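Trainee: Here is my input, please return the structure:
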Amino acid sequence: MSERVTLSADSATRGHPVRTAIVVGIALFMASLDNLIVTTALPSIREELHTDVEGLEWTVNGYTLTFAVFLMIASAVADRFGRKRLFAVGLAIFTGSSALAALSSSIETLITARVIQGLGAAIVLPLTLTMLSAAFPPEKRGAALGAWGGIGGLAVALGPLAGGVVLNNLSWSWIFWINVPIGIVLLALIPGWLTESHGPSTKLDLVGTLLAGLGMLGLVLGMVRAGERGWTDGQIVASLAAGVLFFAAFVWWEARTPTPMLPLRFFRSATFTAANLASLFMYFGMFGVVFLITQYLQTVQGASPLGAGVKMLTWTGMTLLAAPVSGILSDRIGGKPIVAAGLFLQAAGILYLAVVVSPTASYAVLIPGFIANGLGMGLYYGPVANLVLGSVGRAEEGIASGANNAIRELGGVFGIAVLASIFTAEGGYGSAQSFTDGLAPALWVGTAVVMLGGVSALFIKSRPAAQATGAPAGPAAEPVKEAAGRPGGAVLTEIEI
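Mentor: Numbers count the residues shown, from 1 in each chain. Predicted coordinates for the structure are as follows:
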């Protein structure tokens, strides 16, 4: 979850910066890597555990779903009970569930482990930034936060490649086993290397969390099973209807509770609404397409897991290169045109892939689409956080950023569920031709959804120059100091995740 953290100027409360950076940096890399490393292992999991596309969907979505649900509340719990304490709990959950995933002999056990692992990641990831920022004095915090972003981006970029390296030499279970010794070492270091801290003790929105979780579960369960049963099947209709009703109840509750996890008044801002819609649609396309393309490289093109990981670098590597550049450009021309251009470029990349994929297409034919997707995603990543934060008051930046993170993850869940159901309805794993028959229409739908994201970005309101540089933009704005390493002017004394 995103949160706003008031930092003490007393260096005695910060702990040892280098030790803190080592612990949270390794934890960040480990948890972020798990977001995409499993995609390379999907063909191996399908064969060894004798599962179908529905089982593979839940292997990915089980993690992402719980991550999205609990991301919004984990940091609030940590503020109340202690960040160091909850960080250790989250790391223990992540480590233990990694061992359970590695030991899985059935797809049901693996999915259960992934659900628990998502909970652990939802606790650990936001606290890595909270504790890292608190460990450094203001004059060094910009560089520390820049390193934090670089570590997370590197982990995402290397995910498919790391999965390929492991699978090329060991079995798929080792993509989870490698977390266990790392987690144990980090747990041993936490007592002496991290300093305990607390935040504002606000009331937890447990009802909102429950309603949002049930709404997501109903919708995703219906979408995942629709490919097999059909969209008009009674169970599918009931599941989707239940999801909609729970989401409606969530909106009703959030409008009435005094401590909402997601204040609905945020959506009165055109920029907040448009930026979050853009995020929802971008993640829909990214996760849904990567879920299928990594399998296409291995199942149809015959690449090894390592080969598939290397080939995906033309995609993920472009994202890593473009993101920092887009952040710099957004300071000069504003984030709206960059986010919009990135999404339209990503849509063009997916459209290109939809046109050229075939049972006999070579990897060289796919490269332009991979590059366009990677560059488009990188253009999106740089400015979107500043656009979201700039759309709300300074005191509510943490909640707004947390909502954006949860909405992005929700988009990823829906992307995999919808595109995989289209893949199942139109094709399957029976042959290379069958796989392509299912992949192409799924990519067409992915193109349309990401295109909607680009259109949504056009409704973002351009930020005033004073606001973009972190200067006061009106009566509600607070004086801020500009931080090195964060586009748009980061607040040195208040850090947003």
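Trainee: can I see the domain layout of this structure?
Mentor: 1-203, 206-258, 265-497 (automatic domain parsing).
Trainee: okay, those domains in JSON lines with mean pLDDT and mean neighbour count next?
Mentor: C-beta: built from backbone N, CA, C; applies to glycine. Converted to JSON lines, the domains of the chain look like this (pLDDT from 0 to 100; neighbours: other CB atoms under 10 Å):
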{"stretch": "domain 1-203", "mean pLDDT": "80", "mean neighbour count": "20"}
{"stretch": "domain 206-258", "mean pLDDT": "85", "mean neighbour count": "17"}
{"stretch": "domain 265-497", "mean pLDDT": "78", "mean neighbour count": "21"}
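Trainee: helices or strands up against the helix or strand hosting residue 238?
Mentor: For residue 238, the host element (DSSP states H and E) is helix 234-254. Applying 3 or more CB pairs under 8 Å, 6 or more residues apart in numbering; DSSP states H and E, we find helix 234-254 packed against helix 206-229.
Trainee: Just the angle for the helix it packs on relative to helix 234-254, thanks.
Mentor: 160 degrees (axes from the mean of the first three to the mean of the last three CA atoms, to 10 degrees).
Trainee: residue closest to the middle of the protein?
Mentor: With distances taken as CA atoms, centre = their mean, residue 409 lies nearest the centre of the chain, 4.8 Å away.
Trainee: is it true that that residue touches residue 72?
Mentor: No: if you go by CB atoms under 8 Å, residue 409 and residue 72 don't touch, sitting 10.1 Å apart.
Trainee: shared neighbours, these two?
Mentor: Here residue 409 and residue 72 have no joint contacts, going by CB atoms under 8 Å, 6 or more residues apart in numbering.
Trainee: Dump the helix or strand that contains residue 184 to PDB, restricted to CA.
Mentor: Using DSSP H and E, residue 184 maps to helix 179-193. Provided in PDB are the C-alpha atoms of helix 179-193 (Å, rounded to 0.1, in the frame of the first residue of the first chain):
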ATOM      1  CA  ASN A 179      13.500 -17.400  -1.900                       C
ATOM      2  CA  VAL A 180      13.800 -19.600   1.200                       C
ATOM      3  CA  PRO A 181      17.500 -19.200   2.200                       C
ATOM      4  CA  ILE A 182      17.400 -15.500   1.300                       C
ATOM      5  CA  GLY A 183      14.300 -15.000   3.500                       C
ATOM      6  CA  ILE A 184      15.800 -16.900   6.400                       C
ATOM      7  CA  VAL A 185      19.000 -14.800   6.300                       C
ATOM      8  CA  LEU A 186      17.000 -11.600   6.200                       C
ATOM      9  CA  LEU A 187      14.800 -12.700   9.100                       C
ATOM     10  CA  ALA A 188      18.000 -13.300  11.100                       C
ATOM     11  CA  LEU A 189      19.200  -9.800  10.300                       C
ATOM     12  CA  ILE A 190      16.100  -7.900  11.100                       C
ATOM     13  CA  PRO A 191      16.300  -7.800  14.900                       C
ATOM     14  CA  GLY A 192      19.800  -6.100  14.900                       C
ATOM     15  CA  TRP A 193      19.800  -4.200  11.600                       C
END
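Trainee: Run through who's touching that helix.
Mentor: By CB under 8 Å, 6+ apart, the residues outside helix 179-193 that reach it are 15-16, 19-20, 22-23, 26-27, 30, 34, 84, 87-88, 91-92, 94-95, 98-99, 102.
Trainee: list the helices and strands the strand or helix carrying residue 316 packs on?
Mentor: Using DSSP H and E, residue 316 sits in helix 313-333. Packing partners of helix 313-333 (3+ CB pairs under 8 Å, 6+ apart): helix 138-169, helix 335-356, helix 363-389.
Trainee: In a markdown table, list the ones you listed along with distance to residue 310.
Mentor: As requested, the helices and strands packed on helix 313-333 are arranged in a markdown table below (distance: least, CB to CB, whole Å):
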| stretch | distance to residue 310 |
| --- | --- |
| helix 138-169 | 6 |
| helix 335-356 | 18 |
| helix 363-389 | 10 |
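Trainee: Tell me which of those sits nearest to residue 428.
Mentor: helix 335-356 (17.9 Å; CB to CB).
Trainee: And the nearest residue to residue 88 once chain neighbours are set aside, how far from residue 17?
Mentor: Closest residue in space to residue 88, ignoring its immediate chain neighbours: residue 190 at 5.0 Å, by CB to CB, 6 or more residues apart in numbering. From residue 190 across to residue 17, the span is 16 Å (CB to CB, to the nearest Å).
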